[in-house]
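In: Return a 3D structure for these sequence lines:
(one chain, ligands or ions: 1)
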Amino acid sequence: MWKLTQGAAVALGLVAALSASAGEVEVLHYWTSGGEAKSAAELKKIMQGKGHTWRDFAVAGGGGDSAMTVLKSRVISGNPPSAAQVKGPAIQEWAEEGVLSPMDALAKAEKWDDLLPKVVADVMKYKGSYVAVPVNVHRVNWLWASSDALKKAGVAAMPKTWDEFFVAADKLKAAGLVAVAHGGQNWQDFTTFESVVLGVGGPRFYQDALVKLDGKALASDTMKKSLETFRRIKGYTDPGAPGRDWNLATAMLIQGKAGFQLMGDWAKGEFMAAGKAPGKDFLCAAAPGAASAFTFNVDSFILFKLKDAGAQKAQSDLASAIMGPGFQEVFNLNKGSIPVRTGQPMDKFDDCAKLSSKDFAETAKSGGLVPSVAHGMAIAPATEGAIKDAVSQFWNDDKISVADAMKKIATAAKTK
Ligand code: BGC
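Out: Sure, this is the predicted structure:
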């Protein structure tokens, strides 16, 4: 009897100890497509394994525009989640509001400064303090292809230049296929546009025109050529493109109905979730003209100030889990991206990821590594929004001349 009581007391004590160190973690994210949801589920699993409660705050909408609107209203009403998927210069804007919780003790204990490439660590910090934790490195300047569609159209190899791209696109069209699967949403239009600018003008021009927003670069012949090339691509999309979600565009490749998609490597997560194999069912290559350049897009979570001790512990465990080698591997295998943590073994990754990892390291040295504007890594959110609008207006309205679009983009670039 005594033994039983003692046992029960020990058990009760354990439960109490566990609940003191366990808490709820509410995570706002926009990973809702097949491949994305599989990846997010890995984080949930790890947190639940640590005894925490995962409250999923998923807001659908590729690129995260809807998620950002919802996040603002939650924070304004004084009820922020524990963590939210926010990246690039928007991290600094949130930090300036004084609502983020610095993670320096954890970052120091776990040596984040040593584990992260400097270009990434800098983005995660506000006034020298870590206020965000990085998840991965996505490459944006990719071209994806359906092997079946290419075969049907007699396209023997992935195009390396824009000229080759249009030759292949003509063959796909002639074979009765959609040459380019596109989703007409601002962020997708700009994903295509920035890959064109990079391929036509090279990484230095990309930096000048789209990152520094230099007036001369924006008014240059290279910009003109970029817009002409961009408009030409539209002629290879189908009438269903306006408003289409990116993953539905990827599905057109998965079904063999379309040949190409210009999209970041979250598209690979979609192919994989559908059971397709890289190099066999689908192909990846750097977007035309930009094999020696890399537009990076680092997903990250900002961490909000919380009052509850259990929730604080869960939040810190979340940050630690995200930086951990186990999560970095399993998440990125599903997501299509590569680990952000340096020195992570790549043997379980496929050839697309291996190429990405090699190019990330090489372009960091060569100057070919540039931040993605379409994915919020380069310029202030208000300016980014204005430029995206100008580019999408041009894409959507064939009556807008290239010269007018150049003027509109230059005006938008002055938005503060
Ligand atoms: C994010 C990815 C996401 C994609 C589509 C990008 O901006 O970085 O994680 O999969 O948008 O929603």
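
In: just the strands in the stretch 301-416 of the chain please.
Out: 338-339, 369-371 (DSSP state E, counting those that start in this stretch).

In: from the ones you listed, which stretch is densest packed?
Out: strand 338-339 (a mean of 24; mean count of other CB atoms under 10 Å). C-betas here are computed from N, CA, C, even on glycine.

In: Now find how far off-centre it is within its chain.
Out: Its chain's average C-alpha position is 12 Å from that of strand 338-339, according to CA atoms, centre = their mean, to the nearest Å.

In: One more: stretch 218-237?
Out: Offset of stretch 218-237 from its chain centre (CA atoms, centre = their mean): 24 Å.

In: Let me have the strands of the stretch 301-416 of the chain in TSV, adding distance to the ligand and mean pLDDT as columns.
Out: Output for those, formatted as TSV (distance: least, CB to the nearest ligand atom, whole Å; pLDDT from 0 to 100):
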stretch	distance to the ligand	mean pLDDT
strand 338-339	13	98
strand 369-371	12	97
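
In: shaky segments in this protein?
Out: 1-20 (pLDDT under 70).

In: Contact residues of it facing the ligand?
Out: 30, 36, 62, 63, 64, 138, 246, 266, 297, 299, 375 (CB under 6 Å from any ligand atom).

In: hmm, try it at 5 Å
Out: Proximity of the chain to the ligand, by CB under 5 Å from any ligand atom, involves residues 62, 63, 266, 299, 375.

In: could you measure the first one against residue 37, distance?
Out: With distances taken as CB to CB, to the nearest Å, residue 62 is found 13 Å from residue 37.

In: rewinding a little: any chance of the strands of the stretch 301-416 of the chain in TSV, plus distance to residue 320?
Out: Output for those, formatted as TSV (distance: least, CB to CB, whole Å):
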stretch	distance to residue 320
strand 338-339	15
strand 369-371	26
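
In: Count the residues that sit near the residue of the stretch 101-250 of the chain found nearest the ligand.
Out: Residue nearest to the ligand within the stretch 101-250 of the chain: residue 138 (5.4 Å; CB to the nearest ligand atom). Applying other CB atoms under 10 Å, we find 28 residues neighbouring residue 138.

In: list the contacts for it?
Out: 264, 265, 266, 296, 297, 298, 299, 335, 336, 337, 375 (CB atoms under 8 Å, 6 or more residues apart in numbering).

In: so which of those residues is the most crowded?
Out: For the contacts of residue 138, the largest number of neighbours (other CB under 10 Å) sits with residue 336, at 30 neighbours.

In: Residue 256 belongs to a helix, doesn't it?
Out: No - judged by DSSP: H, G, I helix; E, B strand; the rest coil, residue 256 forms no part of a helix; its state is coil.

In: Tell me the secondary structure at the spatially closest residue to it that is not a sequence neighbour.
Out: Spatial nearest neighbour of residue 256, excluding adjacent residues (CB to CB, 6 or more residues apart in numbering): residue 148 at 3.8 Å. With three-state DSSP as the basis, the three-state label of residue 148 is helix.

In: that older thread, I'd like to know which of the residues of the chain next to the ligand are part of helices.
Out: Counting by DSSP state H, the part of these found in helices is residue 266.

In: from the residues of the chain next to the ligand, which is closest to residue 83?
Out: residue 299 (11.8 Å; CB to CB).

In: That closest one touches residue 136, doesn't it?
Out: Yes - with contacts counted by CB atoms under 8 Å, residue 299 reaches residue 136, the gap being 5.3 Å.

In: So for the two, which residues contact both of them?
Out: Contacts common to residue 299 and residue 136, judged by CB under 8 Å, 6+ apart, are residue 337.
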